[in-house]
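J.: just need the structure, nothing else, for what follows:
(chains A and B)
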Protein chains: 2
Amino acid sequence: MAEKLRLTAVGVGPGDPEWITVKGQRVLAEADVVFAPCSEGAGESLALQIARPWLRPGQRVVTLPLPMTRDRARLEPAWQAAADALVATLGAVAAERGGAHGAYVVLGDPLFYGTFAHLWRVLADRHPEIGVEVVPGVPAFVAAAARAGRPLATSSQRVAIVPAVYEADERSLADLVANFDAVVMLKVGRALARVRAALGRLGLANRALYAARVGLPSERVALGLESVEEDEAPYLSLVIVHREEKP
Amino acid sequence: MAEKLRLTAVGVGPGDPEWITVKGQRVLAEADVVFAPCSEGAGESLALQIARPWLRPGQRVVTLPLPMTRDRARLEPAWQAAADALVATLGAVAAERGGAHGAYVVLGDPLFYGTFAHLWRVLADRHPEIGVEVVPGVPAFVAAAARAGRPLATSSQRVAIVPAVYEADERSLADLVANFDAVVMLKVGRALARVRAALGRLGLANRALYAARVGLPSERVALGLESVEEDEAPYLSLVIVHREEKP
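T.: As a prediction, the model looks like this:
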């Protein structure tokens, strides 16, 4: 029966449940089990909250706890445990029904800064019998541009995407702005003060777009970083800055 | 009645009709008129083909012809004519019904290298009375990664996105690969031979991902550029290359 285990990673988009793709919605509705990663100690995963409207009443949901850390020595066993739990769950369903299809919900897109790449690698190592498919999703920076009504890029323009929290060097931001028409900083969170100061010195702070929880009821989208309080920037907030006034 | 004209730009994704968002599908189903840009002399627009399954029987579709050129002197009057035609069409509907809602279909996402940014600018100038909203879509490079099963980026990685056809300088590609974990080249088309040669000299041609018409019946996704024939690379084909073997 092992070859009848299937897993589909579904990008649910960054916030508005209607930003999921039609295919993602269909996969969720059809899945035997819906899997959701959840941070240890946190509440329901955001991806699962976004997916909720598309689940069947009584549909089985299994959360896979993952530590909030960058420490690979702690993450790797957690990924292994998650992969094993996922396959054991699907295996039990398949034993009854002759096959099992799981959906794994991911915020945004599964392969664009999502954690699914790690789970997939571990799954392929430990459980090569499981068939995996990916349904793409709308990344947060794309949705942020839509909500703000600001073009990201046109024709010949170049875009750089960097995780701000890892970009310690202020000079690197100046280099990015010099070489790219649009710079997208993801995972701004605690780096907001640093990003704002650096963009301020470049004369770009007032034209930068700040977006957090885009598409959720608590969405915050602001043009100019001055009005954004430091303590309100969640980990997944982002900043988009264009070199030219009119992109 | 003028204030009752609404236009929603809908990103339909790059190919598979099921990659449209649930919101995009709903907007298409509800719209009084569906507008589609079309290249002069070409057949039905690809965005419209992708949207077709979601249209109502007999739903009104208006195509807006645009020249295939980068010449701003020819493009600008074409955008103005398209904006005027669009507003005239919605105005006629509104005169009968007291309001009108149009959907404008765009390949991929409306604000990520789409042509909608130009139309929107001209609309805002000439017809500020029209209310515009944007429904984001899945960009082609995100869908290509999903189809190929290759992560685009994780954790601290940096991504550069450039339109290959405008990147004439081979050194710039070497710089990009040196500074970014993943380089996404859009609009490869006629630049394929140049991109392949440059990546070959960097020792990266065999690990680059080529994708064209992703999600369409004629989809072509290949790992390694050797097997891709030059004359089969359409304008909107793309190449994704990672600096490291395992992203």
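
J.: for residue A:158, which residues are in contact?
T.: A:179, A:180, A:181, A:182, B:160, B:161, B:162, B:163 (Cβ atoms under 8 Å, 6 or more residues apart in numbering or on different chains). Any C-beta I mention is one placed from the backbone N, CA and C, and that applies to glycine too.

J.: of these, just say which sits nearest to residue A:109.
T.: Using Cβ to Cβ, residue B:161 is the member of the contacts of residue A:158 that lies nearest residue A:109, at 14.1 Å.

J.: isn't the closest one up against residue A:162?
T.: No. Contact between residue B:161 and residue A:162 fails when scored by Cβ atoms under 8 Å: they sit 11.8 Å apart.

J.: if I look at the residue lying farthest from the centre of chain A, how far off is residue B:206?
T.: In chain A, counting by Cα atoms, centre = their mean, residue A:96 sits farthest out from the average C-alpha position, at 33.5 Å. Look at residue A:96 and residue B:206: by Cβ to Cβ, to the nearest Å, they are 45 Å apart.

J.: and the contacts of residue A:158, which two are the farthest apart?
T.: Longest span within the contacts of residue A:158, Cβ to Cβ: A:179 and B:163, 14.3 Å.

J.: who's more crowded, those two?
T.: Each of residue A:179 and residue B:163 has its neighbours counted (other Cβ atoms under 10 Å in any protein chain shown); residue B:163 has more, 22 against 16.

J.: where does the prediction get shaky in chain A?
T.: Chain A contains residues with pLDDT under 70 at A:1-3, A:41-43, A:168, A:230, A:246-247.

J.: what are the phi and psi angles of the closest residue to residue A:4 other than its chain neighbours?
T.: The shortest distance from residue A:4 to any non-neighbouring residue, by Cβ to Cβ, 6 or more residues apart in numbering or on different chains, is to residue A:99 (3.5 Å). Phi and psi for residue A:99, reported as degrees, to the nearest 10, are phi 180, psi 160.

J.: pull the number of nearby residues for residue A:99.
T.: Residue A:99: 14 neighbours (other Cβ under 10 Å).

J.: ok, it to residue A:26 distance?
T.: Taking Cβ to Cβ, one finds residue A:99 at 17 Å from residue A:26.

J.: on that earlier part again, report the separation between the residue nearest to residue A:4 and chain B.
T.: 21 Å (Cβ to the nearest Cβ, to the nearest Å).

J.: that residue reaches residue A:90, doesn't it?
T.: No. Counting by Cβ under 8 Å, residue A:99 does not reach residue A:90; the two are 9.1 Å apart.

J.: residues that sit against both of the two, list them.
T.: Contacts common to residue A:99 and residue A:90, judged by Cβ under 8 Å, 6+ apart, are A:5, A:6.

J.: residue B:161 and residue A:162 - which one has more neighbours?
T.: The neighbour comparison of residue B:161 against residue A:162 (other Cβ under 10 Å) goes to residue B:161, with 27 against 24.

J.: relative orientation of the one helix or strand the more buried one maps to and strand A:159-163 in degrees?
T.: Assessed by DSSP states H and E, residue B:161 sits inside strand B:159-163. Put simply, strand B:159-163 runs at 170 degrees to strand A:159-163, going by axes from the mean of the first three to the mean of the last three Cα atoms, to 10 degrees.

J.: strand B:159-163 packs against which elements?
T.: Using 3 or more Cβ pairs under 8 Å, 6 or more residues apart in numbering or on different chains; DSSP states H and E, the elements in contact with strand B:159-163 are strand A:159-163, helix B:170-179, strand B:182-186.

J.: what backbone torsions are found at the residue lying closest to residue A:24 once chain neighbours are set aside?
T.: Counting by Cβ to Cβ, 6+ apart, residue A:24 lies nearest to residue A:10, which is 4.3 Å off, once chain neighbours are set aside. Residue A:10 has phi and psi values of phi -120, psi 120 when expressed as degrees, to the nearest 10.

J.: how many other residues sit next to residue A:193?
T.: Residue A:193: 12 neighbours (other Cβ under 10 Å).

J.: all strands of chain A, in order?
T.: A:5-11, A:33-39, A:60-66, A:100-106, A:131-135, A:159-163, A:182-186, A:209-212, A:220-223, A:238-242 (DSSP state E).

J.: now distance to residue B:196 too, for the ones you listed, in a markdown table please.
T.: Below are the strands of chain A laid out as a markdown table (distance: least, Cβ to Cβ, whole Å):
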| stretch | distance to residue B:196 |
| --- | --- |
| strand A:5-11 | 30 |
| strand A:33-39 | 38 |
| strand A:60-66 | 40 |
| strand A:100-106 | 32 |
| strand A:131-135 | 26 |
| strand A:159-163 | 23 |
| strand A:182-186 | 27 |
| strand A:209-212 | 36 |
| strand A:220-223 | 40 |
| strand A:238-242 | 31 |
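
J.: among those strands, which is nearest residue B:141?
T.: Within those, the stretch nearest residue B:141 is strand A:159-163; the backing value is 10.5 Å (Cβ to Cβ).

J.: so what are the domain limits for chain A?
T.: Listed domain ranges for chain A are A:2-135, A:140-242 (source: automatic domain parsing).

J.: just put the ones you listed in TSV and tack on distance to residue B:45.
T.: What follows is the domains of chain A, written out as TSV (distance: least, Cβ to Cβ, whole Å):
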stretch	distance to residue B:45
domain A:2-135	20
domain A:140-242	18
